[in-house]
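Enquirer: Kindly generate the corresponding structure for this input.
(one chain, ligands or ions: 2)
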Amino acid sequence: MHPTARLQRLLHQARVTVAAPSRNARTAVVIGRLLALGFLICMVTGVFSHFHQDPLPWMVFPTRPVWLYQFTQGLHVVTGVACIPLLLAKLYAVFPQLLQHPPVRSAAHLVERASIAVFVAASLMQLAIGLLNTYQLFPVFGFSFRLVHYALAWVVVGSLLIHIGVKLPVIAAHWTKRRSGSADDDDDEPPLDTPDELQRLTGVRPTAGMTGRLFAWIDRAPAPAGDDPRVATSRRAFFATVGASTAVLVTFTVGQTLGALNPVNLFAPRKRTFGPQALPVNRTASAAGVLDLAVAPDWTLTVAHGQTREVFPLSRLRALPQHDVVLPIACVEGWSQDAAWRGPRVRDLLDAVGAPPEATVRITSLQQRGGFGVTEMTPEFVRDPLTLVALELNGEVLDLDHGYPARIIAPARPGVLQTKWLSSIEVIA
Ligand SMILES: Nc1nc2c(c(=O)[nH]1)N[C@H]1C(S)=C(S)[C@@H](COP(=O)(O)O)O[C@H]1N2
Ligand SMILES: [Mo]
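Expert: Ligands and ions are numbered 1, 2, ... in the order given. As a prediction, this is how the structure comes out:
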């Protein structure tokens, strides 16, 4: 037999073997729609978070509601988690399509298959590294997680748009249950199991009852018809499994940001209220290498504007008007928690050095190593009455692991910008 015919026969046989009632275009569209919504939410919230940390010069961010970032980033991580079972379900549903023959039929078909290959690879990687990062296990040393995740996001979205474009006719045909036809009509490979086809492929005409290796697959039990109750049961079981896994993952993770579900936060790495002063800690003073500097009796906070420079020991910071705010720490990893903070306003400190109202500042930590030692703050946050140099947390002097002697706390900002163990605040623009 011709090798091509042999391969075609093999692929067809494999497709028949893995065929199942839930492996059809309607399933692919139903799961695909949820997945597309999930990826859209992740993209929008992810881009928002990315630009918070790397703003373009013209960007201004909302500072209210104070829980905005807590919400968008909590949604980002929970949606990303939900996409994991959905993506696996989608791959399960369309897997038989992998076994097409010929592998490439036309230029358009090549684009279609290549975009799917890129999309599958990039989205599996994206979800995997996102999940790993929430456990602080991002494995690509020497790369910033955020930049890798951001770049990959565009690969995911680009290949997904091509995929959706190419598949529009299939998506339209199966959008509603009524319009979706039989389970097999997504099977765009010509059916091979008619005697004529087989003869064309193999040069041998199969006779009724012929078994043996060559034609074994044509003797398979006939696929259950659409109205067979076993088909409905099988489909229902599939959707129930996907729905239950997604619901379980979300329920047992979302408690890291949603207080009501905190008791069932089994999967997320950070537990609300677990930590000094009932607040989780991402990097301890010891891990940041600031133990000695942070408790040094001659510690001061330097505030600078050009040549004007004021030095604030702790006593001077405590002598300024103190303000109380309740604001969340909202980590990019998806956990968040409200806390009560107390200290002077950042804008009062800047007024002391005559900074203009539109000042952007650079905030430097005592921390020498790691990426979070230096951050910038744009005017809308600098001027906000809720933005404090916090000296107290939940009614006590800041714990060393929460940034003693002084840290930044500002509304609606990523946790990663709430700099701990302050050293200086300088006007840079
Ligand atoms: N200097 C410094 N500040 C930092 C960090 C850090 O590693 N170094 N981590 C940030 C991150 S990622 C978060 S989520 C919050 C965590 O605050 P907490 O440890 O007080 O809960 O602090 C932020 N401030
Ligand atoms: Mo964080």
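
Enquirer: Shouldn't residue 105 be within a helix?
Expert: No: per DSSP: H, G, I helix; E, B strand; the rest coil, residue 105 lies outside any helix segment and is coil.

Enquirer: quick one: low-confidence ranges for the protein?
Expert: Counting by pLDDT under 70, the chain shows low-confidence ranges at 1, 139-142, 179-226.

Enquirer: Residues of it that sit close to ligand 1?
Expert: Counting by C-beta under 6 Å from any ligand atom, the positions of the chain adjacent to ligand 1 are 279-283, 288, 329, 331, 365, 367, 370, 372-373, 402-403, 415-416, 418-421. Every residue, glycine included, has its C-beta placed from N, CA and C.

Enquirer: ranges for the strands of the stretch 251-400 of the chain?
Expert: Taking DSSP state E, counting those that start in this stretch as the criterion, the stretch 251-400 of the chain carries its strands at 300-305, 308-313, 323-330, 336-343, 361-365, 374-377, 388-390, 392-393, 396-397.

Enquirer: The stretch 51-200 of the chain: helices as residue ranges?
Expert: Applying DSSP state H, counting those that start in this stretch to the stretch 51-200 of the chain gives helices spanning 68-94, 107-134, 145-173, 195-202.

Enquirer: follow-up on the earlier one: just the buried residues of the residues of the chain next to ligand 1.
Expert: By neighbour count, with 16 or more other C-beta atoms under 10 Å, these hold 279-283, 288, 329, 331, 365, 367, 372-373, 402-403, 415-416, 418-421 as buried.

Enquirer: how much space between the closest residue to residue 326 other than its chain neighbours and residue 259?
Expert: Counting by C-beta to C-beta, 6 or more residues apart in numbering, the nearest residue to residue 326 once its immediate chain neighbours are dropped is residue 340, at 5.2 Å. According to C-beta to C-beta, to the nearest Å, residue 340 stands 15 Å off from residue 259.

Enquirer: How about residue 334?
Expert: Taken as C-beta to C-beta, the span from residue 334 to residue 259 is 14 Å.

Enquirer: got the contact list for the residue of the chain found nearest ligand 2?
Expert: Ranked by C-beta to the ion, the top residue of the chain for proximity to ligand 2 is residue 331, at 3.3 Å. Residue 331 sits next to 73, 270, 282, 414-416 when contact means C-beta atoms under 8 Å, 6 or more residues apart in numbering.

Enquirer: In helices, which of those fall?
Expert: residue 73 (DSSP state H).

Enquirer: which one of the contacts of residue 331 sits closest to ligand 1?
Expert: Lowest distance from ligand 1 to these (C-beta to the nearest ligand atom) belongs to residue 415, with 2.7 Å.

Enquirer: Skipping its backbone neighbours, what lies nearest the closest one in space?
Expert: residue 331 (3.9 Å).

Enquirer: Check residue 93 too.
Expert: residue 27 (4.3 Å).

Enquirer: what about that neighbour, how many neighbours?
Expert: 25 (other C-beta atoms under 10 Å).

Enquirer: Which residues are in contact with it?
Expert: Contacts of residue 27 by C-beta under 8 Å, 6+ apart are 93, 235, 238.

Enquirer: Please report the distance of the first one from residue 417.
Expert: Just to be clear, that refers to residue 93. 41 Å.

Enquirer: Fine, thanks again, bye for now.
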